[in-house]
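Chemist: could you look at this predicted model? Sequence included:
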Amino acid sequence: MAAPAPLLAMHAVSKRYGPTVALDDVSLAARPGRVLALIGENGAGKSTLMKVLAGAVRPDAGRMTLAGASYAPAGPTAARAAGVAMIYQELNLAPDLSVEDNLMLGRERSRFGFLSRSEQRRRCRAALDKLGHGALDVRTPVGRLPVGTRQVVEIARAVLDEARVVVFDEPTSSLPRREAEALFAVLRTLTEGGAAVIYISHFLEEVRTVCDDYAVLRDGRAVGSGELKDVTEPDLVALMVGRTVDDLFPRVPHTPGEPLLTVNNLTGADRTPEGASLTVRRGEILGVSGLIGAGRTELLRAIYGLDAVRSGRITVSRSGAEVAPGAGPRGRIRSGVGFVSEDRAGEGLMLNRTLAENATLGRLGPLSKCGLLNPAAPNRATAALMQRLGVKARGPGQTAGELSGGNQQKIAVARVLHQDSDVWLLDEPTRGIDVGAKSDLYRLMGEAAAAGKAVLFVSSYLPELLAVCDRVAVMRRGELVAVRPAAEWTAESAMAAAVGADSACADTVGADSGAGETEPSPSEPKAR
Amino acid sequence: GPDGDVRGNDAAETVTIAVIPKGTTHEFWKSVHAGSLQAAEELSTPERRIEIQWKGSQEESDTAGQIRVVQNFLTRGVDGIVLAPNDSGGLVDAVADAASEGVPVVIFDSGLDPAAADAGAETVSFVATDNFIGGRKAAARLAEAMAAAEGDAKPGVVLLRYKAGSESTEQREEGFLAELRENHPDVEILSADQYAGTTPEESLANATQVLQRFESEFKIRPGGIFAVCEPNADGVHRALKELGLTEEVSFVAFDPNETLVAGLKDGSVDGIVVQDPVGMGDKAVRALIAHLDGEGVEPRIDTGVLIATPENLKDPAVAALLAPPRAE
Amino acid sequence: MTTASLRSVLAAAGPALALVGIVAGFAFFDWQQDGESTFLTLRNLRVAIGDALPVAVAALGMTVIIAAGGIDLSAGTMLALCAVVLAAALKAGCSAGTAALLAVACGAACGALNGVLIASLGVVPFVVTLGTLGAFEGAAKIVADETTVRPGRDAIPDWLGRLTSIQGDSLVLGLPPGAWVLLVLALAVAAVLRLTVFGRHLYAVGSNEKTARLCGVSVGWTKVAVYALGGLLTGAAGVMQFAQLNAGNPTSGLGMELKIIAAVVIGGGSLAGGRGGAFGTLTGVAIVSAIESGGFQLGWSNPVQQIALGAIIVAAVAADRARARSGG
Amino acid sequence: MTTASLRSVLAAAGPALALVGIVAGFAFFDWQQDGESTFLTLRNLRVAIGDALPVAVAALGMTVIIAAGGIDLSAGTMLALCAVVLAAALKAGCSAGTAALLAVACGAACGALNGVLIASLGVVPFVVTLGTLGAFEGAAKIVADETTVRPGRDAIPDWLGRLTSIQGDSLVLGLPPGAWVLLVLALAVAAVLRLTVFGRHLYAVGSNEKTARLCGVSVGWTKVAVYALGGLLTGAAGVMQFAQLNAGNPTSGLGMELKIIAAVVIGGGSLAGGRGGAFGTLTGVAIVSAIESGGFQLGWSNPVQQIALGAIIVAAVAADRARARSGG
Ligand SMILES: Nc1ncnc2c1ncn2[C@@H]1O[C@H](COP(=O)(O)OP(=O)(O)OP(=O)(O)O)[C@@H](O)[C@H]1O
Ligand SMILES: Nc1ncnc2c1ncn2[C@@H]1O[C@H](COP(=O)(O)OP(=O)(O)OP(=O)(O)O)[C@@H](O)[C@H]1O
Ligand SMILES: [Mg+2]
Ligand SMILES: [Mg+2]
């Protein structure tokens, strides 16, 4: 089958942000009825390119054609009117407005300025039906919906638009498996209708299942494109990072020693986690897998003292003593526990402050005397950490928000290093960061283990858990159900444990699993 | 009730009188309060107890707040109201409401719009200082003090106004200017369009700036200043002290406070126009009771005004007015 | 309509419960004190309404602004400016209708100015309106020639002069005419917020500005329209204030902005935007009025009343937020 | 020290440039008007400093609060409360040192109350301090017995009475003694913000509360400490205000909060938190003072001055934000 002529073409698009060249002479073509994978490292310019397409960013140079005609949107509205829809990386919903109002926002049906509710409702229902969410009450304020459902609302917007070009910017990074599959089905519906879909993702396996064509960006340049069936994954990775990466999962040799972190029967205030017990030893990386909503984040937060705890015991053997469950993060840091949050922008970092402030905030004691800071010390300490972690930045005085995602994550990890933590609690540390940065992080974990630290590594990406960890635990509905050496797990057995042996969902897990997880039931297991 | 004061225990009848000052935070009103309590005590009999309910608006210049106070008293059902209106026009409707509900009103301190009666705002009497005369006395005293200080140089004066729309202070300002024009044509009026503001803090800042500007800009130092009310005078007095001008500049204030009286003693103040707040409160309540008893009441009761100077400080009449009793 | 209005009723339920509790409490203690309740009388209701009208109308405008994620610190001085414009127009011989229209237009223009500055400069509303707060007061003083503008009784027709009056012959269906104007305005604001495209855009901007922009809502114009609408209602509040005082006082607005904001916030508006409605705000106004009036009837002194009001503001909002958190 | 102080100097550079421009402009026009500049005199500088001291000291406190992502609408009435406490303590026979300490402690306690309410109730600072604004004024009235408290000259030692004085014998190194107190306080605040662990925690809470919590900062305590420190400085500002008039006036604080906030915001503080420093704020205070004093010297009327000040607030912040956006 010959590839059809491009529906959308971008020619020689460039965009600078001050000194940063985000896009440099990028050309791209998307064909009707096909899904184009747009891949590249963090900061390669993928989102920027798509924002140009969606009219949210004005390019410095370049032109675009849509169905043969010249296309130069004045803004998001014009782009949408021309049939280009975009689903952004960060959810773009007004939490106080209902599902209906969010879907119809900017294209309300009205008569003399008054809303035509019944017509609006009909259109919303139709769009949600297409996505298999016909049962959703369109009057619910979006802020009350679980995250997965919110993403559905966002996608329904594009369906409602009957867009000819639909862009998805990392849509599955916060989607449970079942919804991801529903999304893939929608993609098929869209392409069957003749739309061109552009799909950005850091999950290469997922890309292979869903997409037909690929285009790779590196440092703001287009470095390769073609049909996916013609390339192998190592080829793609090499294109993305500009070199061959022989080892995506570098292993630093380490041997587990005596127990360092012991959690006994830990139950959270809202019963998640429930009766969780685990032990992490010196020089060990313990992975935690599970479905989204299984309570892994809550488990880490409870161990770290960020969430209230109903009962249970936590011991860290460095201090030798039991850590009071109510002591809070301050007490945890003192007993040698460090935490990297899954929500980098919202919780992990102060985006408007310097790298030095971010990296050292958790432990200012050694940098100060009687509460008085040694002014040069934080910068000195941070510079050393940055060098050690290979952070790409101007210096410790740069503002954290100016860094790419992977480099931001390294700063979050630098904080744990600076705190000299013995126990590392890492919650989805590789989410949304590129392969290069991921492999850096894996090496770091290995080095930490080799240095006698205990690492508790939560991830939704099973391949990395199986490759990096010594043992992997599976969590289900707030309970830790199984802990086994990594070698004894397969993708299938891990999924079966996560879902529960009685579940019929176990057999839906395909061989390509790893992009996400399955979900035991369509409704969220646990509402906020 | 608000600051209810019990006079007599098992009286057969209680007459409740609401006394509403312009504000509650200046000493002047505390003395009015004392006067009204004194009248109530003296007029109470075993058969009839007179109770004073004292309440003002939260802030001094809040006309709407004062209307609220009047209306709330009417709701409570008082037998009469003694009122110092914050705004001569703004309180007309409220007074008319009182009249239509048969509650007599005595106005004191500051007048009501002359056209008020047409709007149904009947009042029993207006008990107040003749502020115009007060202004005249201030002007005469200031001219005298300046003559003593300066000798030959042609003296100029500055009038620092209080706030637009306040009837009593406007009367003082007009009286002051009239006296100067009529009887002291040699005294130049350097400035009569500056407002010093309603709080001592504002007055201090504004007076400092005015003095500063005259001195630097026009190369003249005013020979005299008149500040038309107590908070205003407080700030001006402080400004003069700050700038070290108490010797050169003669200063007349209106209404005393402890600082100003001390100034009179140390020579930094050349005169204070003193009213009789206790008499005002006393006479206003008496007028209201007389009206309730069916007696005729003068429509205008003047409570008198004196000028206190360093010379007549010891004069008992003056001394009494310089340190009037206050309600605690 | 039904579900939307039901939702708005439910949203207002928290503050409404607080209102019922507060009114019941005052009624009980008032009754205990005197053996009868002067608090729970029709007259007292009328007084409270007539008194609260300017704040209530302005609070409707502030509701719109706060729902859109903004704030308007200039509302108080803007209100005074509009009242002064009305008074000056009447004095200059305009018909009352024209003058009132001018006042409302002046409010809309001031609001639009705020909106344009906020939308074009990228400065937060707090700072922009902090700047225009002073500017509007300055403008009002210039229009008023730094004094209170009194158009005179003859220039004020009955419909205007009696808008807030509680005298028997002014009442319409037992309430001051302004109360019905307020009700109509509240219904109109509720309709705009709930039933129009503009209302959706407004809540969207307040809830998540970025989303609104990406969905093609012209955020800038929405903001300008929001502040203009808020200003228009503030202009209407200026008409109410003029009706209360029969005069325009350029300094009568300062401090009012905080009362207005307090009413909206007590009524369930969130300063984070995206929340609040017309009837919630009216409930907030009623709560403040109930405390003021009830405190008076119980004989609370001014300071006690201030402290109680402050405590209630904090408590009401804390309770509302706690309720919202617990998912009620 | 070097990099941190360099950064703080750079952060203050924008407002400082504006200040230089404004001063130069006024000096030029003033010189053009009279042939010499009275604006640019040492004496005028002293006057402006003496006048601005209370706002300047309070603005230091507000800087700390705003940098931590908060706001304190109650600063004005809190300041008045502290001044009244000082006056009342002196009147009751306390030594001046004890009384001043009491005033400062009162400020710290009020601030801590704000902080505790904010940290424990989950209500935004705007609303909490809107509530305590009224409560503090009520408390001040109670302490002052609803009048101005005058301790009398004898109770006030020179060091206190002359803190803001510009008289020759009060000056220290050519400036009012309070100016040096201000400088010391500003250095202390700058040091706390830049050089202490607490300062880091404070900026962290202002930038991202969740991150602060995650890093082991006890957010609640930091907030309480921040508001207490802000209150302490507000208490010191109360001492300055007392020194200006040698009296404590319970109602003089209302409205001052907006001046204080304006100074911080003009000086580069951001209401979104995480920005602002002591010397930026002093620059903001100086800009406001320059406009007030310069406008006066040029003979601007009061309203014109208000409008100019409003315009400058908006312009200064807009320019600062534009500079920040363009990465300058
Ligand atoms: N608004 C902006 N201002 C300044 N620089 C920006 C802005 N947006 C993007 N950049 C820079 O442009 C470059 C491209 O960013 P972009 O977000 O397009 O990357 P991306 O490929 O989508 O990365 P990711 O995989 O992390 O989403 C980065 O260096 C980024 O820091
Ligand atoms: N801030 C939030 N807002 C809305 N929903 C949330 C939020 N945080 C978590 N959730 C949802 O609550 C559920 C429980 O989340 P939790 O983070 O405990 O699970 P998890 O096993 O750690 O999964 P995840 O892979 O999302 O981290 C999930 O469905 C998650 O999407
Ligand atoms: Mg991106
Ligand atoms: Mg999680």
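Modeler: Perfect, thanks for sending it. Ligands and ions are numbered 1, 2, ... in the order given.

Chemist: report the closest residue of chain B relative to ligand 2.
Modeler: At 44.3 Å from ligand 2, residue B:58 is the closest residue in chain B, using C-beta to the nearest ligand atom. To be clear about C-beta, it is placed using only N, CA and C from the backbone, and glycine gets the same treatment.

Chemist: for that residue, give me the pLDDT.
Modeler: pLDDT for residue B:58: 79.

Chemist: right, and it touches residue B:66 too?
Modeler: No. With contact defined as C-beta atoms under 8 Å, residue B:58 does not reach residue B:66; the gap is 9.8 Å.

Chemist: what's the closest non-adjacent residue to the residue nearest the centre of chain B?
Modeler: Centrality entry for chain B: nearest residue to the mean C-alpha point is residue B:109, 6.0 Å, by C-alpha atoms, centre = their mean. Distances taken as C-beta to C-beta, 6 or more residues apart in numbering or on different chains put residue B:84 closest to residue B:109, at 3.9 Å, once the chain neighbours are dropped.

Chemist: ok, now which ones touch the one you found?
Modeler: If you count contacts by C-beta atoms under 8 Å, 6 or more residues apart in numbering or on different chains, residue B:84 has them with B:20, B:21, B:22, B:32, B:107, B:108, B:109, B:110.

Chemist: using JSON lines, lay out those together with secondary structure.
Modeler: Formatted as JSON lines, the contacts of residue B:84 follow (DSSP: H, G, I helix; E, B strand; the rest coil):
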{"residue": "B:20", "secondary structure": "strand"}
{"residue": "B:21", "secondary structure": "coil"}
{"residue": "B:22", "secondary structure": "coil"}
{"residue": "B:32", "secondary structure": "helix"}
{"residue": "B:107", "secondary structure": "strand"}
{"residue": "B:108", "secondary structure": "strand"}
{"residue": "B:109", "secondary structure": "coil"}
{"residue": "B:110", "secondary structure": "coil"}
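
Chemist: closest point of the stretch 201-328 of chain B to chain A, which residue?
Modeler: Residue of the stretch 201-328 of chain B nearest chain A, by C-beta to the nearest C-beta: residue B:201 (37.2 Å).

Chemist: all strands for the stretch 201-328 of chain B, in order.
Modeler: Under the criterion DSSP state E, counting those that start in this stretch, the stretch 201-328 of chain B contains strands at B:224-227, B:250-254, B:271-274, B:300-302, B:306-308.

Chemist: show me the contact partners of the longest one.
Modeler: Applying C-beta under 8 Å, 6+ apart, the external contacts of strand B:250-254 come out as B:134, B:138, B:141-142, B:145-146, B:149, B:172, B:223-230, B:233, B:236-237, B:240, B:260, B:263, B:268-273.

Chemist: partner strands of it and their direction?
Modeler: Taking DSSP bridges as the criterion, strand B:250-254 sits next to strand B:224-227 (parallel), strand B:271-274 (parallel) in its sheet.

Chemist: now do the same for residue B:154: its pLDDT.
Modeler: We have a pLDDT of 65 for residue B:154.

Chemist: over to residue A:427?
Modeler: For residue A:427, the model assigns a pLDDT of 93.

Chemist: just the one 10 residues further on next, same as before
Modeler: We have a pLDDT of 85 for residue A:437.

Chemist: who's in contact with it?
Modeler: Counting by C-beta under 8 Å, 6+ apart, residue A:437 makes contact with A:41, A:42, A:405, A:406, A:407, A:409, A:410, A:430.

Chemist: which residues of the stretch 51-200 of chain B lie near chain C?
Modeler: Contact residues (C-beta under 8 Å from any C-beta of the partner chain) of the stretch 51-200 of chain B with chain C: B:55-56, B:58-59, B:61-64, B:67-69, B:71-72, B:74-77, B:87, B:89-90, B:92-93, B:96-97, B:100, B:113, B:115, B:118-119, B:163-165, B:195.

Chemist: in which helix or strand would I find residue C:71?
Modeler: Counting by DSSP states H and E, no helix or strand carries residue C:71.

Chemist: coming back round to it: ok, of the residues of the stretch 51-200 of chain B next to chain C, which come out buried?
Modeler: Neighbour counting by 16 or more other C-beta atoms under 10 Å in any protein chain shown classes B:55-56, B:58-59, B:61-64, B:67-69, B:71-72, B:74-76, B:87, B:89-90, B:92-93, B:96-97, B:113, B:119, B:163-165, B:195 among these as buried.

Chemist: just the ones of these in helices?
Modeler: In this view, those that belong to helices under DSSP state H are B:63-64, B:67-69, B:71-72, B:74-76, B:92-93, B:96-97.

Chemist: format those residues as TSV; extra columns: pLDDT and distance to ligand 4.
Modeler: Output for those, formatted as TSV (pLDDT from 0 to 100; distance: C-beta to the ion, whole Å):
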residue	pLDDT	distance to ligand 4
B:63	87	60
B:64	87	56
B:67	91	60
B:68	90	56
B:69	92	60
B:71	90	61
B:72	90	59
B:74	91	65
B:75	87	61
B:76	85	63
B:92	89	69
B:93	87	66
B:96	90	70
B:97	89	67
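
Chemist: can you add distance to residue D:239 and give those back as JSON lines?
Modeler: JSON lines is the format used below for these (distance: C-beta to C-beta, whole Å):
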{"residue": "B:63", "distance to residue D:239": "34"}
{"residue": "B:64", "distance to residue D:239": "34"}
{"residue": "B:67", "distance to residue D:239": "38"}
{"residue": "B:68", "distance to residue D:239": "35"}
{"residue": "B:69", "distance to residue D:239": "34"}
{"residue": "B:71", "distance to residue D:239": "41"}
{"residue": "B:72", "distance to residue D:239": "38"}
{"residue": "B:74", "distance to residue D:239": "44"}
{"residue": "B:75", "distance to residue D:239": "43"}
{"residue": "B:76", "distance to residue D:239": "42"}
{"residue": "B:92", "distance to residue D:239": "44"}
{"residue": "B:93", "distance to residue D:239": "45"}
{"residue": "B:96", "distance to residue D:239": "48"}
{"residue": "B:97", "distance to residue D:239": "46"}
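
Chemist: good, we can wrap up now.
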